[in-house]
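Novice: Quick one: sequence plus predicted model below, questions after.
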Amino acid sequence: MKEKLDILVANYRNEIDQSLKHLQIPEKPPGLYTPMVYSVTAPGKRIRPLLTFLTGEGLGVDHDRLRPAALAVEVLHAFTLVHDDIMDNDTQRRGLETVHVKWNTNTAILTGDGLMALACRLLMETDALRIRQMGFEFSQAMLEICEGQSLDVEFESRLDVTTESYLEMVGKKTGRLLGLSCQLGALISDADESVAGNLNQFGIELGQAFQIQDDLLEITSDARNMGKSLDSDIISGKKTYPLILIMDGLSINEKQSFLEFMKTNLDNRAAILDVFRRKNVFAETSEKITQLMNNALKRLDQLPSKTTENLQYLVDMISKRQR
């Protein structure tokens, strides 16, 4: 079964890449459309469209009917990355220069706006009885993603962020789009509301685990492996899960001192890693990732076996990623 799904997912990724290259995007004005094409065709893991395909097919939907929605969630993801990179002042994304660096900030803002419009247009091409509900959930997810991003920015200037607050934030910022990706597959299949809702929660918990895993990799990995700039989180004071753990129980002065220590050791990653290891933060973080993934998997118990097998495969693939 794993070998079969390995081949299937590889084929779907290739199909998604080719479909993104052939989207109906005009050439003029190039100041808008060239960076849009640059963004949507940048290499990626394509987790979100894979979730739509694997969920919908597991529930009996023909593959071709799922394609517009699958592409819509990937384009929506591209939109969030472009604007996120502006706000975080990141210089690299998916191994390429970010849009605001390659062009400028104004161009990047327009690029994100254009991608959001394109995502909505793609969604509305879906042949589904519940297209109106799909549109509502799509726009609601966009709002919640913005809520999550707003909280993320707010947390940068706070020293009292808890793990519970963090999980709420990443559940919106990262998890909601994964949840939507599954939810759309269920809605296209005309599944019961309980099934669609449960799949949304599955995606949210998977997204929380995914983001914490990302936090961990951004400390232990390097920019070349991750394909994006890493120091901006430290410079801006972004509150990641491992950082929240290490600051738990410290006084305000101690927290400020530790943040300053990280900023002054950007070129000495080994010194930062040593502190995190001595505080056992990496082990605690890994335990939380495992817990969230197990919680997500439990939500699949009542689904058809094919859907469960498909999504279990994807969870296993995500758990083993190194970038």
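Specialist: Nice, thanks for sending it over.
Novice: Where does pLDDT dip in the protein?
Specialist: Counting by pLDDT under 70, the ranges of the chain that qualify are 222-230, 232, 322-323.
Novice: run the last query once more with 90
Specialist: Counting by pLDDT under 90, the chain contains low-confidence residues at 1-3, 88-89, 94-95, 217-238, 249, 263, 265-270, 272, 301-306, 318-323.
Novice: Helix or strand: which one has the residue of it most remote from its centre?
Specialist: Of all residues in the chain, residue 253 has its C-alpha farthest from the mean position, at 33.2 Å, by CA atoms, centre = their mean. If you go by DSSP states H and E, residue 253 is part of helix 252-264.
Novice: Pull out the buried residues from that helix.
Specialist: Buried residues in helix 252-264, defined by neighbour count with 16 or more other CB atoms under 10 Å: 255, 258-259, 262. For glycine as for every other residue, the C-beta is placed from the backbone atoms N, C-alpha and C.
Novice: Likewise for stretch 136-143?
Specialist: Neighbour count says stretch 136-143 has 137-138, 141-142 buried, by 16+ other CB under 10 Å.
Novice: Need the residues that contact it.
Specialist: Stretch 136-143 is touched from outside by 72, 76, 116, 119-120, 123, 176-177, 179-180, 183-184, 187, with contacts defined as CB atoms under 8 Å, 6 or more residues apart in numbering.
Novice: okay if I get the residues you listed as a markdown table plus distance to residue 197 and neighbour count?
Specialist: As requested, those are arranged in a markdown table below (distance: CB to CB, whole Å; neighbours: other CB atoms under 10 Å):
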| residue | distance to residue 197 | neighbour count |
| --- | --- | --- |
| 72 | 20 | 27 |
| 76 | 20 | 24 |
| 116 | 25 | 18 |
| 119 | 22 | 23 |
| 120 | 23 | 16 |
| 123 | 19 | 23 |
| 176 | 13 | 25 |
| 177 | 16 | 25 |
| 179 | 9 | 28 |
| 180 | 12 | 31 |
| 183 | 8 | 31 |
| 184 | 13 | 33 |
| 187 | 11 | 27 |
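Novice: neighbouring contacts of stretch 110-125?
Specialist: By CB under 8 Å, 6+ apart, the list of residues contacting stretch 110-125 from outside reads 23, 25, 31-33, 35-36, 39-40, 68-69, 71-73, 75-76, 78-80, 82-83, 86, 99, 103, 131, 134-135, 138, 142, 184.
Novice: The same query, at a cut-off of 7 Å, please.
Specialist: Defining contact as CB atoms under 7 Å, 6 or more residues apart in numbering, one finds that stretch 110-125 is touched by 32, 35-36, 39-40, 68-69, 71-72, 75-76, 78-79, 82-83, 99, 131, 134-135, 138.
Novice: about what we covered before: export the buried residues of helix 252-264 to TSV and tack on distance to residue 219?
Specialist: Compiled in TSV, the buried residues of helix 252-264 are given as follows (distance: CB to CB, whole Å):
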residue	distance to residue 219
255	17
258	13
259	14
262	10
